[in-house]
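Participant: Prediction below, plus the sequence it came from.
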Amino acid sequence: MEPTNIFDPNYFHKVVDCQWACPAHTPVPEYIRLIAQERYTEAYMLNWDSNVFPGVLGRTCDRPCEPACRRVRTEETPVAICRLKRVAADNKGDVTAFMPHVPSEKNGKRVALIGAGPASLAVARDLLPLGYEVHLFEQDEKGGGFMRSQIPAFRLPEEVLDEEVDRILDMGVHCHFGQEITSMKAMMDMNFDAYFVGTGAPRGRDLELKGREAVDKHIHIGIDWLSSVAFGHITEMKGKVIVMGGGNTAMDCCRTSLRMGAESVSVVVRSAFEVMKASEWEKDDAMREGIPIINNRPPKEFVHKDGKLQGIIFECVTPVKGEDGRLRYEPSGEPDVFIEADHVLMAIGQDNHCPWIERDLGIEFDKWDCPTLNEVTLQTTNPKVFFGGDSAFGPENIIWASAHAHRAAISIHLFCQGQDLITDRPPEGVNLISTKMGMHEWAYDAEHDDARRHIVPLVEKKSALTNIRVEVELGFDQVLASKEAQRCLNCDVQTVFTENLCIECDACVDICPMDCISFVANEEEESLRQQLTAPADNVDQDIYVSNVLPTTRVMVKDEDVCLHCGLCAERCPTNAWDMQRSIVHIPQLGSYAE
Amino acid sequence: MTFVAKPKVHHPKLPVNEIGLTRRDYEGSVSTLCAGCGHDSVSAAIVQACAELSLPPHRFAKVSGIGCSSKTPSYFLNKSHGFNSVHGRMPSVMTGSNLANRDLIGVGVSGDGDSASIGFGQFAHIVRRRINMLYLVDNNGTYGLTKGQFSATNDKGSTSKKGVPNLYEPIDLVSSALQIGASFVARSFSGDKKQLVPLIKAALMHKGMAFIDVISPCVAFNNHSGSTKSYEFVRDHIHNVMDADLIMAHKEVTADYAEGSREDVAMPDGSTLQLYKVDADYDPYDRVGALNYVQRMQEKGEVVTGLLYVDPNAVECHDIMDTVSQPLNELTEADLCPGSDTLEALNQRYR
């Protein structure tokens, strides 16, 4: 194998599994260290820089970072990264002084943002400090998009959302709220220099089934219903409720129904429990509130009498794993089941929907009604128009919206300044800084903590279920947060090896608790992975290969289960090993700011 | 010294041996020796050898004297019996331990000062008596604990860190052991675990006096360009003659050595000692030949390593003395007190 190029920004970035998995590449270990030091404001700002909505995300993020956490590989339970993010938001001080300066003198370019969801808001935040005049168009009376309309208040209190939305609006956004956007052409006639479409995936899917027409008034589209609840148009839900669907919207629908006074609520899912789209913790939360999740039941027919819904008949199926590893469903032979219902909430998916964009504006759409985009620049076939968030590639999560927004903002800036959107993009980079402070002193807490993941305290169930505005999770207090923060393995403090200092004494090999380090003859990657002290079977994780050493061997380190405990560096007599903090630079529009 | 505690968590795929333990279960406390000390590699090699042989840690008696080397029994086999004795007196304590309980696996760790200076007499006599044990010397040619004076194994002409040459002839412990009666004699290098671990395994299972001289560089005082016991010098002058490995009775025999260079020696306990001739002309059963060879190579400045001599049918001290077959603590009252009639008969013989 060729020696590893550790100056490739991606190499050590990949070692920081959480940051690599985060679409916005939030520097997780760094903000966890700040939380451990009770520097909540700094931790918040570090988050705000990369993901824009730490308070919201600390409660609602889809957490791609957590399954990626190295702890999953070393002892099963990941660090509660998302909960720690909330701790930073809950405990921060006044952040006003840290906000970017927005020049009063504008740069003469005007940008329209359509839809006031997380994607547009984040674009606004990135563009404003560079002097852009930013106009935000939204049909609702308030900003926030689906963070406001679809995430119930018991998961995301309104004041948390307001704070983070208003912080951006107060930077000088021209808001045009409460007017439905019906024509892109009309927007284009207003002659902005660039347009960003962040209108989400606003169309909830419906289900065409026997009897559907007759009971129309008892059937609600999940996301629309949640939105009506959020804006106070619906205040109660009486009778028996069936929620159809297995995603996070279904979980929000069922838990909301329970709080709106439903007599009984059940979630009925076509597929098996394991393959439901809802996050594990959202399923757990619903079940903890006593809501049954009934799986392997595709719906067959709405039963009604005198125009009133009686219930739904479901088929019974069994999942069978096919040769391709995917589940297929076969009739189980059991008789169909009838479940009584007065209301049905449909949460079976949502689609992009842009009927308001005329198809003669040079903006191409594919057969799924998604815009044709350059994946890097997020530019459409009309060079003035950019997309981001759910409206770009279909339903995702807020964290993806932030990530798209940073990319789109760079593109919009380059476009407005007449530069090339690809070749003039600022590059990624990496800095490595030694953490060695003395013979046995490191600028990070290297000690490994054996503790298991700490459980987040919840509000008492009775009060949670009677008031939709009572937030269910209380969040970690500072003591619990500090304990949980200790579990972070500091994966951004890298083991950096310097060949010409190594005397091949084996001290690092002997001390490494995880058998990560080997000195072996070099081979091709596949066979080299098998020659190590412990075979490096996880090919998703890189192996770090040095140049040839005096004994003609190479040092090979398997990054897979390294604890970043620094013992190799502690036991190295020549400092050939050093623990160096890697700081990955993900370009943001701020990279251009003076 | 190392201040970061070694985490208890281990590699998820760390192999479990036949008695359900992983290699980590054979470790000791974290070393307090200097970072990069060869002795730590030797301890790690002992840990690996014991784990691979699936030996029960609590059936070991580890004994040492004084010196950096003699601290190392703290760093392996935490759950075994141990005795850190007086300087140079490891052999006395080990002899006593072995005579009292012949079932314990004896591991004596000593250093070049402990065995070639203050304990040279003790060393000679335990070898001579052929106590069934592994006698391992961490040999760095220097007195590390007292800041780097030459030890008795330091080669003539080799210099101190400040460039002062050693004026005296060295004691070669391998030659002494060969001459006095060790039935398993090997030399190895702490920086070559591929050779050292199998040698330790073979030595642990050898019935009789097994002696291994391990050249183990002192990074603090004797790892410089004037030293003949530095990592660099040893690597440049190493001359391996014979690798050895021990395969337990029921294990598949596998090795990637050239055809014809391997010799399997059946051991009395049913295991197989595998010898791999690296130097085709070398005869590991010829004690006098080994002695000559080692001496000749030493004249040339070469460091001969590998299994230098083995007598697969060796006798040990208990055979020589025809002692009782059980450990003394297992003897019952009936064994120890044969009764008045026997005493009477015995007394009659002296009347």
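Facilitator: Received, thanks.
Participant: ok so residue A:225 is a strand residue?
Facilitator: No: applying DSSP: H, G, I helix; E, B strand; the rest coil, one finds residue A:225 to be helix, outside a strand.
Participant: That one and chain B: what is the separation?
Facilitator: From residue A:225 over to chain B the distance is 45 Å, taken as Cβ to the nearest Cβ, to the nearest Å. Placement of C-beta: from N, CA and C, glycine included.
Participant: now residue A:92
Facilitator: Computed as Cβ to the nearest Cβ, the residue A:92 to chain B distance reads 32 Å.
Participant: That residue reaches residue A:38, doesn't it?
Facilitator: No: in this structure, residue A:92 is not within contact of residue A:38 by Cβ atoms under 8 Å, at 11.1 Å.
Participant: who has more neighbours, the two?
Facilitator: Neighbours per residue, other Cβ atoms under 10 Å in any protein chain shown: of residue A:92 and residue A:38, the larger number sits with residue A:92, 20 against 14.
Participant: Report the contact partners of that one.
Facilitator: By Cβ atoms under 8 Å, 6 or more residues apart in numbering or on different chains, the residues touching residue A:92 are A:40-41, A:43-44.
Participant: Just the ones in helices from the residues you listed, please.
Facilitator: A:40-41, A:43-44 (DSSP state H).
Participant: and which of the contacts of residue A:92 is nearest to residue B:198?
Facilitator: Using Cβ to Cβ, residue A:43 comes nearest to residue B:198 of the contacts of residue A:92, at 52.1 Å.
Participant: Report pLDDT for the closest one.
Facilitator: Listed pLDDT for residue A:43 reads 97.
Participant: Please apply the same query to residue A:592.
Facilitator: Looking at residue A:592, its pLDDT is 62.
Participant: Could you grab the helix/strand/coil label for residue 217?
Facilitator: Unless you meant another one, I'm taking chain A. With three-state DSSP as the basis, residue A:217 sits in helix.
Participant: Actually, chain B is the one I wanted.
Facilitator: Applying three-state DSSP: residue B:217 is coil.
Participant: gap between it and residue B:228?
Facilitator: Per Cβ to Cβ, to the nearest Å, residue B:217 is found 10 Å from residue B:228.
Participant: Neighbour count: the two, which is higher?
Facilitator: residue B:217 (31 against 21).
Participant: ok, back up a step: tell me which two of the ones in helices among the contacts of residue A:92 sit farthest apart.
Facilitator: By the measure Cβ to Cβ, A:41 and A:43 form the most distant pair in those, at 7.2 Å.
Participant: ranges for the strands of the stretch 101-250 of chain B?
Facilitator: Using DSSP state E, counting those that start in this stretch, the strands of the stretch 101-250 of chain B run over residues B:105-111, B:133-139, B:142-143, B:149-150, B:184-189, B:209-215, B:238-247.
Participant: Reformat those as JSON lines; add mean pLDDT.
Facilitator: Listed next are those as JSON lines, based on pLDDT from 0 to 100:
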{"stretch": "strand B:105-111", "mean pLDDT": "97"}
{"stretch": "strand B:133-139", "mean pLDDT": "98"}
{"stretch": "strand B:142-143", "mean pLDDT": "96"}
{"stretch": "strand B:149-150", "mean pLDDT": "95"}
{"stretch": "strand B:184-189", "mean pLDDT": "95"}
{"stretch": "strand B:209-215", "mean pLDDT": "97"}
{"stretch": "strand B:238-247", "mean pLDDT": "79"}
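Participant: sorry, back to before: quick check, nearest of the contacts of residue A:92 to chain B?
Facilitator: Chain B lies nearest to residue A:43 out of those, by Cβ to the nearest Cβ, at 24.8 Å.
Participant: Please tell me how far the residue most central in space within chain B sits from residue B:299.
Facilitator: Residue closest to the mean C-alpha point of chain B, counted by Cα atoms, centre = their mean, is residue B:136 at 2.6 Å. For residue B:136, the distance to residue B:299 equals 26 Å [Cβ to Cβ].
Participant: on that earlier part again, with distance to residue B:316 added, can I get the strands of the stretch 101-250 of chain B in JSON lines?
Facilitator: What follows is the strands of the stretch 101-250 of chain B, written out as JSON lines (distance: least, Cβ to Cβ, whole Å):
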{"stretch": "strand B:105-111", "distance to residue B:316": "11"}
{"stretch": "strand B:133-139", "distance to residue B:316": "9"}
{"stretch": "strand B:142-143", "distance to residue B:316": "32"}
{"stretch": "strand B:149-150", "distance to residue B:316": "34"}
{"stretch": "strand B:184-189", "distance to residue B:316": "11"}
{"stretch": "strand B:209-215", "distance to residue B:316": "7"}
{"stretch": "strand B:238-247", "distance to residue B:316": "17"}
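Participant: Please name whichever of the ones you listed is nearest to residue A:573.
Facilitator: Across the strands of the stretch 101-250 of chain B, closest to residue A:573 is strand B:142-143 (Cβ to Cβ), at 15.1 Å.
Participant: excluding its backbone neighbours, what's nearest the residue of chain B at minimum distance from chain A?
Facilitator: Residue nearest to chain A within chain B (Cβ to the nearest Cβ): residue B:36, separated by 2.7 Å. Residue nearest to residue B:36 in three dimensions, not counting chain neighbours: residue A:573, with 2.7 Å by Cβ to Cβ, 6 or more residues apart in numbering or on different chains.
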